[in-house]
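K.L.:
okay, here's the prediction I keep looking at, along with the sequence it came from:
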Amino acid sequence: MFDQFDAALLARLQFAFTVSFHIIFPAFTIGLASYLAVLEGLWLIRRNQVYLNLFNYWKTIFAVVFGMGVVSGLVMSYEFGTNWAVFSDKAGPVIGPMMGYEVLSAFFLEAGFLGVMLFGMKRVGEGLHFFATLMVAAGTVISAIWILAVNSWMQTPAGFGVNEAGQYVAENWWAIVFNPSFPYRFVHMVLAAYLTTALVVGAVGGWHLNRQNRAGGVKPATRIMFSMAMWMAAIVAPIQIFAGDQHGLNTLEYQPAKIAALEGHYETQRGAPLILFGLPDNEAARTRYKIEIPKAGSLILTHELDGELKGLEDFPREDWPPAAIIFWSFRVMVGLGLLMAGLGLWSLWARWRGTLGTGRWLNRAAVAMGPAGFLAVLAGWITTEVGRQPWTIYGHLRTAESIAPVEAPAVATSLIAFVVIYFAVFGAGTYYILRLMGRSPDEPHGVEADAVPLRAGGSIRPKPGTAG
């Protein structure tokens, strides 16, 4: 039944499907863990029950998302051995240790302190509990460091040699980890995670604000949650645009064919236009139905009106990435980024007018933008990974040479199984998360919600007979 399909294409689709499901969870937990650390820190400093309520509210959601992220990521490890055994054999001496370091230095840190963060406030005391929260937040960022180091090395490989068996072996670990694209990818991804979290928190806040406005009054926890989310969007979105520009310049230097494809340029030219929309056609080697701004492409990428941009025709045709896919995924990412910046500016205007939280349309816009961070992350990863084609290790190992000797029906069967199971399991998990978000953040939540009742004047103290 599946004999007519190519095993390599099916294996790529399978990995793309599983990694797309997986990436949305770390993109949320990286930012949410830091948000929890901020909330607990503010509670310890100000002794305001509102911050503790928010901490317990988002702590439960974090636990569910963290668990879903772990489960969704396990499958990819097996795919390296089943579908991509040749790649694993050749690149294992380089990427294997880095994946191991991620488990030892990051995942163990997160998992080791997660239980304390979730259940330990009455048992270990405030200081140690806050330390545990900080360690969970640090673990998520360290995990991103190692994973992005691996991916960046595959994009801009450095610091390695080839042994007699044809394997890539480490010669300089500093050059491998801190390869040319790593700093840009790391900053871009972490900022994306913070924006994703801010938009989710803002969406939940906007939804509850509209409900509370209709009911007759805004409650403090919802107002504070929404305000913090809008501050994050207003501050981080412009920084992300700048970071994305720097990332693009780095990609132009090390992966010019990717830039030519995502910009839709087939001919090398000076004063290249910025093609806003069009239909790139690799077979015809041209972009059809172009809507463009003269010279803007050169201005953005070279910072000169007459700067030269290489087109795809300057590269061997067998090295061209699928231009149509990354042309549009890149524009989806950029368009969503501009909408995020617009939402942040709108919130600043509402804040200045004193209507933040009471403006029905801003709240609705925040709700509508809730999924935007996840969509932008997915679009960015599609641009990055599809734009690397036809290479697994850019310029050194082709994707067609990386596939294991597997049959197309075997890959297709497991792909169908993954699709069914993932949508069933993670669909149920997502539904449960949405149910959790539907609860009011202004009420105590979690197993330790009764540990620290509010006293007169807003001070917080443990109940008699309890620790923490």
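P.N.:
Structure's in. What do you need? Residues are numbered from 1 along each chain as shown.
K.L.:
low-confidence regions, the protein specifically.
P.N.:
Applying pLDDT under 70 to the chain flags residues 1-5, 444-468.
K.L.:
strands along that one, start to end?
P.N.:
Ranges of strands in the chain, per DSSP state E, are 160-162, 168-170, 269-270, 274-281, 286-293, 308-309, 391-393, 397-398.
K.L.:
make JSON lines from those and add mean neighbour count and distance to Phe21 to it.
P.N.:
C-beta here means a position set from N, CA and C on the backbone, and glycine is covered the same way. Formatted as JSON lines, the strands of the chain follow (neighbours: other CB atoms under 10 Å; distance: least, CB to CB, whole Å):
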{"stretch": "strand 160-162", "mean neighbour count": "14", "distance to Phe21": "30"}
{"stretch": "strand 168-170", "mean neighbour count": "17", "distance to Phe21": "28"}
{"stretch": "strand 269-270", "mean neighbour count": "14", "distance to Phe21": "40"}
{"stretch": "strand 274-281", "mean neighbour count": "17", "distance to Phe21": "28"}
{"stretch": "strand 286-293", "mean neighbour count": "13", "distance to Phe21": "32"}
{"stretch": "strand 308-309", "mean neighbour count": "18", "distance to Phe21": "35"}
{"stretch": "strand 391-393", "mean neighbour count": "21", "distance to Phe21": "21"}
{"stretch": "strand 397-398", "mean neighbour count": "17", "distance to Phe21": "26"}
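K.L.:
what's the closest of those to Val65?
P.N.:
Ranking those by their distance to Val65 (criterion: CB to CB) puts strand 391-393 first, at 29.7 Å.
K.L.:
so how far is the closest one from its chain's centroid?
P.N.:
Taking CA atoms, centre = their mean, to the nearest Å, the mean C-alpha location of strand 391-393 is offset from the chain mean by 21 Å.
K.L.:
cool, stretch 199-216 as well?
P.N.:
Its chain's C-alpha centre and that of stretch 199-216 lie 24 Å apart, by CA atoms, centre = their mean.
K.L.:
which positions in it come out as buried?
P.N.:
For stretch 199-216, the neighbour count (16 or more other CB atoms under 10 Å) marks 199-210, 212 as buried.
K.L.:
circling back: closest one to Trp84 among the strands of the chain?
P.N.:
Using CB to CB, those put strand 391-393 closest to Trp84, at 8.0 Å.
K.L.:
contacts for that closest one next, please.
P.N.:
Contact with strand 391-393 is made by 84, 87, 91, 153-154, 157, 168, 319, 397-399, 401-402, as judged by CB atoms under 8 Å, 6 or more residues apart in numbering.
K.L.:
switch to 6 Å and redo it
P.N.:
For strand 391-393, contacts defined as CB atoms under 6 Å, 6 or more residues apart in numbering pick out 87, 154, 157, 398-399, 402.
K.L.:
I'd like those residues as JSON lines, with distance to Asn56 appended.
P.N.:
Formatted as JSON lines, the contacts of strand 391-393 follow (distance: CB to CB, whole Å):
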{"residue": "Phe87", "distance to Asn56": "44"}
{"residue": "Met154", "distance to Asn56": "40"}
{"residue": "Pro157", "distance to Asn56": "45"}
{"residue": "Arg398", "distance to Asn56": "51"}
{"residue": "Thr399", "distance to Asn56": "46"}
{"residue": "Ser402", "distance to Asn56": "46"}
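K.L.:
now the buried members of those residues.
P.N.:
Buried by 16+ other CB under 10 Å: 87, 154, 157, 399, 402, out of the contacts of strand 391-393.
K.L.:
from the residues you listed, pick the one nearest Pro238.
P.N.:
Distance to Pro238 across the buried ones among the contacts of strand 391-393 (CB to CB) is lowest for Met154, with 29.7 Å.
K.L.:
which one is the closest one nearest to, not counting chain neighbours?
P.N.:
Nearest residue to Met154, sequence neighbours excluded (CB to CB, 6 or more residues apart in numbering): Ile393, at 5.3 Å.
K.L.:
now that neighbour: how far from Thr383?
P.N.:
Separation of Ile393 from Thr383 (CB to CB, to the nearest Å): 18 Å.
K.L.:
returning to that earlier point: so which of the strands of the chain is nearest Val124?
P.N.:
Among the strands of the chain, the nearest to Val124 by CB to CB is strand 168-170 (40.0 Å).
K.L.:
sorry, back to before: tell me which of the buried ones among the contacts of strand 391-393 fall in helices.
P.N.:
87, 154 (DSSP state H).
K.L.:
farthest-separated two in the buried ones among the contacts of strand 391-393?
P.N.:
Farthest apart among these by CB to CB are Pro157 and Thr399. That separation is 14.6 Å.
K.L.:
residue contacts, Leu74?
P.N.:
For Leu74, the contact set (CB under 6 Å, 6+ apart) is empty.
K.L.:
equivalent analysis for Gly387, please.
P.N.:
Counting by CB under 6 Å, 6+ apart, Gly387 has contacts 258, 321, 326.
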